[in-house]
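Q: Using only what follows, build the 3D model:
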Amino acid sequence: MNRNLAWLEAGLVLSLAAGLACAAEDRPGGTKDDPGMDLRPGLKRVDGRVKEIDLKVRKIAVEVETEAGKDRVLMIFLLTEETKVREREKARTVEDIHKGNPVFVFYRPPEKKDAIPTALFIRILEGGPAGRRPPRTN
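A: Down below sits the predicted model:
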């Protein structure tokens, strides 16, 4: 009986340690700069290809795929100083986003119906068009 009780206690201790380790992580499926797949309440995500990016007016147009068999939709997002950009595990800036890049855009829907949503986080995905990126000068 004492032996079974010892095994039960050991199992409880291991379960507690695993639970504490999971709770200590910043965000499941991401990093502190990446909302990951578990979105914060109120955030939405779309995926598509960058159709146009204008750094002067700080806007990005993303061609988003909708349900199968329907036309693609062009969504426009505002870019702010708080917009975080990542490519794989590297932090990037909005200057690193180019036309044709496949991206995930995490955004908060605007409160007003006709307002433009603000991109909070953009993940540049692999598989962008080859040869479209200009060479880095620095």
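Q: Which strand runs longest in this protein?
A: strand 44-54 (DSSP state E).
Q: now for the helix or strand following that strand, which elements pack on it?
A: Next in sequence after strand 44-54, counting helices and strands by DSSP states H and E, comes strand 59-64. Contacts defined by 3 or more CB pairs under 8 Å, 6 or more residues apart in numbering; DSSP states H and E place strand 59-64 against strand 44-54, strand 73-78, strand 102-108. For every residue, glycine as well, the C-beta is placed using N, CA and C.
Q: Residue 87 is nearest to which of those strands?
A: Smallest distance to residue 87 across the helices and strands packed on strand 59-64 (CB to CB): 9.6 Å, for strand 102-108.
Q: Next secondary structure element downstream of the closest one?
A: As assigned by DSSP H and E, the chain's next helix or strand after strand 102-108 is strand 118-124.
Q: Only C-alpha atoms, please: export that next one in CSV.
A: Below are the C-alpha coordinates for strand 118-124, written out as CSV (Å, rounded to 0.1, in the frame of the first residue of the first chain):
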residue,chain,number,x,y,z
THR,A,118,-4.7,48.3,-38.0
ALA,A,119,-2.2,45.4,-38.5
LEU,A,120,-0.8,44.5,-35.1
PHE,A,121,1.4,41.7,-36.2
ILE,A,122,2.6,40.4,-39.6
ARG,A,123,4.3,37.1,-40.2
ILE,A,124,6.2,36.8,-43.5
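Q: what angle sits between it and strand 44-54?
A: Interaxial angle of strand 118-124 relative to strand 44-54 (axes from the mean of the first three to the mean of the last three CA atoms, to 10 degrees): 90 degrees.
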